[in-house]
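>>> The following comprises the amino acid sequence and a computationally predicted model.
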Amino acid sequence: MDILKELRESGLKVTIPRLRILQLFQEGKGKHLSADDVYRFLLTEKIDVGLATIYRVLMQFAEAGILFRRHFESGHAVFELNEGTHHDHLVCTICGQVDEFVDEGIERRQDEIAAERGFVLHEHALSLYGTCAVCTRQKQLLSKL
């Protein structure tokens, strides 16, 4: 993704904070980042941008289609880069880790269910909640103590 091109095409002014925020997502600093996560990354780089500004920029990116805004069980909004491909999510209810997955069988079944009911899907989001492997192991170790 060409950052400057994306910003220009979205009609947003190219600024240092906007460039750096978009770079964070492209660099894979985290696939799913909250405004607080972005704020902490920028603080470590000595970039002085307020949390309200960061949230506004993230919302502008979401409105422009550069980022997706997601709400998982935590209630906090997280953002991820719009890479043009659909995927679903596994969310750990203990640590908040989010893993992405694609399963053609699930996609097919969702289409079948919609068709059976005469429903035309335009989009969907599937989030499965549970406990990640690390948290499950820690929970098992603690229960043995």
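Ah, there it is. Numbering: from 1, shown residues only.
>>> what's residue 89 in contact with, if anything?
By CB atoms under 8 Å, 6 or more residues apart in numbering, the contact list for residue 89 reads 70, 72, 98-101, 125-128. (Each C-beta comes from the backbone N, C-alpha and C, glycine too.)
>>> Among those, name the ones in strands.
Assignment to strands by DSSP state E places the following of the contacts of residue 89 there: 70, 98-101, 127-128.
>>> By neighbours, which of the residues you listed wins?
Per-residue neighbour counts (other CB atoms under 10 Å) across those peak at residue 98, which has 19 neighbours.
>>> gap between it and residue 58?
According to CB to CB, to the nearest Å, residue 98 and residue 58 sit 16 Å apart.
>>> Can you tell me the number of residues neighbouring residue 32?
Counted with other CB under 10 Å, residues neighbouring residue 32 total 20.
>>> Determine which two of the ones in strands among the contacts of residue 89 are furthest apart.
By the measure CB to CB, 70 and 101 form the most distant pair in these, at 14.4 Å.
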